[in-house]
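# model this:
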Amino acid sequence: YQRRVHGIILLRRIGQQMEEPQTNAKNGSNVFSAKSEKEKDTRANNITAAIAVADVVRTSLGPRGMDKMIEDSQGKVLITNDGATILKKMQVVHPTGRMLVEMSKAQDIEAGDGTTTVAVLAGALLTACKQLMSKGIHPSAISDGFQIAIDKSIQILNDISIPISLTDRESLIQNAKTSLASKVVAQNADLLAPIAVDAVLKIVDKDKPQNIDLRDIRVVKKLGGTLEDTEMIEGLLLGNNKATHLANGPTKITDAKIAFIQFCISPPKTDMDQSLVVSNDAAMDRVIEQEKEYILKIVRKSADTKCNVLLIQKSILRDAVTELALHFLAKKGIMVVKDIEREDVEYICKTLGTTPIAHIDQFTAEKMGSAARCEEVELGGTNKMIRITGIQTLVKTLSILVRSSNQLVLDEAERSIHDALCVVRSLVKKGSIVAGGSAVEMEISSKLTAFAKELTGINSYIVNAYAQALEIIPYTLAENAGLSPITVVSELRTRHANNGEKYLGLDIKKGALVDTFKERIIQPTLVSSSALTLATECVRAIMKIDDII
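Next up is the predicted model:
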């Protein structure tokens, strides 16, 4: 009996020892399962946030895209359909959503156009990732597969692109018109596109065509008139300044000698907050006389250098110029333009070839610039501005005057002209074009689908999903234009794959599929390549995130 009891106890102990590893394994499995679920939830939340941001701008894609009215915290209203502007003003809180905002901003800096396209593409690629993960494919495998897809896409894009010469002004204008087609000012594209092309071609350095600084083109907005009054001026425009009319000072100078000063032509003040007590009239007369002599000395020194135009920087400590100084300057025949803002100093000095003068003792003729004419021009009513033309300097800068009767349209016209300038700059940097109207996306999608069949393993499935995601562009263009998106995409897919019509795209104005190259619906290669690369990089970065700490 004792032996039987001892045997039972021994068997129980052996059983407990055998159960312990199973329990530990079970607990480990639970921990692993919880961690896996957390990663899935994090990725799902990130993808949902990013897709929500992309869906906001999706309805603004294309010539028939809708505009967004945005009101900021100060009550200022903005109407635009520019993707980068919309996303910047949205104040997105979610960190993954902000990644799309930064991506659109990067597209704006790199190419200037396609800011809505890049956000829509990213949203479509994330939707494809979501579907792939639901089938059990690991996010790292998806990321690697997308890298294979983007490498092949850029190769296909370069193969179907067509080189363009900077002397082909008509093609450059057509590219600018394509950029303006989706803007509020689309009806004025025939006027604005040539202005954008001519402006960029005038500042480009033929020895270094890659180094184009659009800050050399100053866009000046002036309320009043219509968009038809917009013009390009080879010179300098000071839109917020006008000549001083006190003491009948001159408002028009030919053969101008221009100086930019940063010191004040007014009585000096003490360094500390002090009061000066004058006890009698004689002392008061001496103070006034000394102030007069001080100002007169500055005016004489300025006149001795043959200066006839004075640009005076705005001062916050004291009056930049007094009425007495203006009286003396008018007698010397010197035109005075005061209250130049600090942020305009660099551009003005670069354009005029002047050096800012900080003190009267540094006022020399070598620091002045020359121009054929400096005058105050009237734009109707009380609108006046300074126009300086015939500038004798090696630096190539110019100004574009934009007019409109509505401030909202004026602001949108400025953004549209900037996009058109960036498109022309893209053509200068990378001199090739591709077909627009979603033709390039459908051709890449078709070639990628064929390429996916040559691959083996999971990469074939991932590349095929990438190719299908690119169809979001023609789908959205057709949807925003009121056409049947399924019919349009199906016909495009069939004719690109079977008939080899690689330039077939959607003409929104005609509401039909056309050869977009023949219809001159074209866009820079840089816009498409940048959009594809940035969208893919952003999606791959999101897929690598498994937790938010």
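# now residue 171: closest residue in space that isn't a chain neighbour?
If the residues on either side of it in the chain are set aside, residue 171 comes closest to residue 164, at 5.4 Å by CB to CB, 6 or more residues apart in numbering. Quick note: C-beta positions are derived from backbone N, CA and C, even for glycine.
# next one, pLDDT for residue 318 please.
Looking at residue 318, its pLDDT stands at 69.
# quick one: mean pLDDT for stretch 375-383?
79.
# look up how far residue 279 lies from residue 490.
Per CB to CB, to the nearest Å, residue 490 is found 96 Å from residue 279.
# ignore what I typed, I meant residue 453.
101 Å.
# ok so, going back, for residue 490 and residue 279, indicate the residue with more neighbours.
Neighbours were counted for residue 490 and for residue 279 using other CB atoms under 10 Å; residue 490 has more, 12 against 7.
# find the centremost residue of this protein, please.
Nearest residue to the geometric centre of the chain (CA atoms, centre = their mean): residue 108, 3.8 Å.
# give the contact list for it.
The contact partners of residue 108, by CB atoms under 8 Å, 6 or more residues apart in numbering, come to 84, 115, 422.
# number of nearby residues for the second one?
As a burial measure, residue 115 scores 27 neighbours (other CB under 10 Å).
# start at 21 instead
Okay, using 21 as the starting number, the last item reads as residue 135.
# right, and it touches residue 108 too?
No. Assessed by CB atoms under 8 Å, residue 135 is found out of contact with residue 108, at 9.7 Å.
# name the residues contacting each of these two.
With CB under 8 Å, 6+ apart, residue 135 and residue 108 have common neighbours residue 124.
# which regions of the protein lie under the pLDDT threshold?
Along the chain, segments meeting pLDDT under 70 span 21-59, 229, 290-294, 337-338, 401-402.
# the strands in the stretch 271-420 of the chain, which residues?
272-281, 329-333, 355-360, 389-398, 404-411, 418-424 (DSSP state E, counting those that start in this stretch).
# tell me the angle the first one makes with strand 329-333.
If I follow you right, that is strand 272-281. 40 degrees (axes from the mean of the first three to the mean of the last three CA atoms, to 10 degrees).
# tell me the buried residues in strand 272-281?
By 16 or more other CB atoms under 10 Å, the buried positions in strand 272-281 come out as 273, 276-281.
# closest to residue 173 out of the residues you listed?
residue 280 (50.5 Å; CB to CB).
# can I get stretch 358-373 in CSV? Just the C-alpha atoms.
Listed in CSV are the C-alpha atoms of stretch 358-373, where the atom choice follows Å, rounded to 0.1, in the frame of the first residue of the first chain:
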residue,chain,number,x,y,z
LYS,A,358,10.3,105.7,-47.3
ASP,A,359,9.2,102.9,-45.1
ILE,A,360,10.9,100.1,-47.0
GLU,A,361,10.2,96.8,-45.0
ARG,A,362,13.2,94.9,-43.6
GLU,A,363,12.3,91.7,-45.5
ASP,A,364,12.5,93.6,-48.8
VAL,A,365,16.0,94.9,-48.3
GLU,A,366,17.9,91.9,-49.7
TYR,A,367,15.9,91.7,-52.9
ILE,A,368,15.9,95.5,-53.6
CYS,A,369,19.7,95.8,-53.1
LYS,A,370,20.3,92.7,-55.2
THR,A,371,18.1,94.1,-58.0
LEU,A,372,19.5,97.6,-58.0
GLY,A,373,23.1,96.6,-57.3
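# got the buried residues for stretch 225-233?
Buried residues in stretch 225-233, counted by 16+ other CB under 10 Å: residue 232.
# let me fix that, I meant to ask about stretch 375-391.
Buried residues in stretch 375-391 (16+ other CB under 10 Å): 376-377, 383, 387-391.
# and it, end to end?
End-to-end distance for stretch 375-391, by CA to CA, to the nearest Å: 15 Å.
# wasn't residue 230 part of a helix?
No. Going by DSSP: H, G, I helix; E, B strand; the rest coil, the assignment for residue 230 is coil, not a helix.
# show me what contacts it?
With contacts defined as CB under 8 Å, 6+ apart, residue 230 is in contact with 448-449.
# ok, it to residue 546 distance?
Distance, residue 230 to residue 546, using CB to CB: 12 Å.
# next, show the common contact partners of the two.
Once CB under 8 Å, 6+ apart is applied, the residues that residue 230 and residue 546 both contact turn out to be residue 449.
# outside of stretch 147-154, which residues touch it?
Residues from elsewhere that reach stretch 147-154, judged by CB under 8 Å, 6+ apart: 60, 63-64, 67, 71, 159, 162, 481-482, 485-486, 488-489, 559, 562-563.
# kindly recompute the last result at 6 Å.
With contacts defined as CB atoms under 6 Å, 6 or more residues apart in numbering, stretch 147-154 is touched by 67, 162, 485, 489, 563.
# in ChimeraX, how would I select just the buried ones from the residues you listed?
In ChimeraX, a selection of the buried entries from the contacts of stretch 147-154 looks like this (16+ other CB under 10 Å):
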select :67,162,485,489,563
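# among the contacts of stretch 147-154, which one lies nearest to residue 409?
Among the contacts of stretch 147-154, and counting by CB to CB, the member closest to residue 409 is residue 489, at 51.9 Å.
# tell me the contacts of that closest one?
Contact analysis of residue 489 by CB under 6 Å, 6+ apart lists 144-145, 148.
# is residue 260 in a helix, a strand, or coil?
coil.
# return the residues in contact with it.
So residue 260 contacts nothing (CB under 6 Å, 6+ apart).
# quick check: the closest residue to residue 264 other than its chain neighbours vs residue 284, distance?
Nearest residue to residue 264 in three dimensions, chain neighbours excluded: residue 356, at 4.5 Å (CB to CB, 6+ apart). According to CB to CB, residue 356 and residue 284 sit 13 Å apart.
# looking at the two, which is more packed in?
The neighbour comparison of residue 356 against residue 284 (other CB under 10 Å) goes to residue 356, with 23 against 20.
# that one and residue 265 touch, don't they?
No. Here residue 356 does not reach residue 265: they are 9.7 Å apart, not a contact under CB atoms under 6 Å.
# residue 487 versus residue 120, what's the distance?
Counting by CB to CB, the gap from residue 120 to residue 487 is 22 Å.
# please say which of those two ends up with more neighbours.
residue 120 (30 against 23).
# count the neighbours of the residue lying closest to that one once chain neighbours are set aside for me.
Counting by CB to CB, 6+ apart, residue 120 lies nearest to residue 73, which is 4.8 Å off, once chain neighbours are set aside. When neighbours are counted by other CB under 10 Å, residue 73 registers 25.
# ditto for residue 473
A count of nearby residues for residue 473, using other CB under 10 Å, gives 10.
# element containing the closest residue to it other than its chain neighbours, please.
In this structure, residue 473 finds its nearest non-sequential neighbour in residue 480, 6.9 Å apart by CB to CB, 6+ apart. Using DSSP states H and E, residue 480 falls within helix 478-489.
# sort out which residues of that helix are buried, please.
Buried residues in helix 478-489, counted by 16+ other CB under 10 Å: 478-489.
# next one: stretch 234-244
For stretch 234-244, burial by neighbour count (16+ other CB under 10 Å) applies to 234, 236-242.
# now for residue 146: which residues touch it?
Taking CB under 6 Å, 6+ apart, we find residue 146 in contact with 67, 70-71, 559.
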